[in-house]
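>>> sequence first, predicted model second:
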Amino acid sequence: MVGDFNSIRRIDERRNAGIEVDHKREMRSFNNFIEITELVDIPMLGRKFTLYKPNGLIKSRIDHILVSREWLIMWPHSKYHVLDKSVSDQCALVLKIVSTDWGLKPFRSLDIWQKDGRFLDFVRAK
């Protein structure tokens, strides 16, 4: 699930420019939703917030990418980047699935070993 949940998970995910607002109930509800549905909030990279009001004083992290545990088994290194805001007051999110498989490692040895008559048999046995 990807999107603007209009909710924060921790108190440091919202800056209200001195306006005192109690977010405990909101955070508790959102965190309970994530726990009950057994979803995982994957790591966010880049900016700290995803919403910036025009006055620059109000900032929040209300956008999240929530995935299942099965997703994490398939793509364990999933992360998302928060891009600079442009048209909207919200930043675009880009999901990155880092999975590098370099294949088999090349075999390397010193040339001198090839002069030993037992070398090829030794390599085949391994």
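Perfect, I can see it now.
>>> make it CA atoms for all contacts and neighbour counts henceforth
Noted.
>>> identify the spatial nearest neighbour of Asp89, chain neighbours not counted.
Tyr52 (5.4 Å; C-alpha to C-alpha, 6 or more residues apart in numbering).
>>> just the helices in the chain please.
24-36, 69-74, 119-125 (DSSP state H).
>>> hey, which of those helices is tucked in deepest?
helix 24-36 (a mean of 14; mean count of other C-alpha atoms under 10 Å).
>>> low-confidence ranges, this protein, go.
The chain contains residues with pLDDT under 70 at 17-20, 99-100.
>>> centroid residue for it?
Nearest to the mean C-alpha position of the chain, by C-alpha atoms, centre = their mean, lies Lys79 at 2.0 Å.
>>> test my guess that that one contacts Leu95.
Yes - counting by C-alpha atoms under 8 Å, Leu95 is a contact partner of Lys79 at 6.1 Å.
>>> start and end of stretch 41-48, how far apart?
End-to-end span of stretch 41-48 (C-alpha to C-alpha, to the nearest Å): 15 Å.
>>> kindly report the same for stretch 36-45.
Rule used - C-alpha to C-alpha; the end-to-end distance of stretch 36-45 is 25 Å.
>>> stretch 43-59 spans what distance, first to last residue?
OK, stretch 43-59 end separation, C-alpha to C-alpha: 18 Å.
>>> who touches it?
13-17, 60-63, 78-84, 89-92 (C-alpha atoms under 8 Å, 6 or more residues apart in numbering).
>>> ok, which stretches of the protein are strands?
Residue ranges of the strands in the chain, as given by DSSP state E, are 2-4, 14-16, 40-41, 44-46, 51-52, 58-60, 63-67, 78-82, 93-97.
>>> returning to that earlier point: burial count for the residue nearest to Asp89?
Using other C-alpha atoms under 10 Å, Tyr52 is surrounded by 18 other residues.
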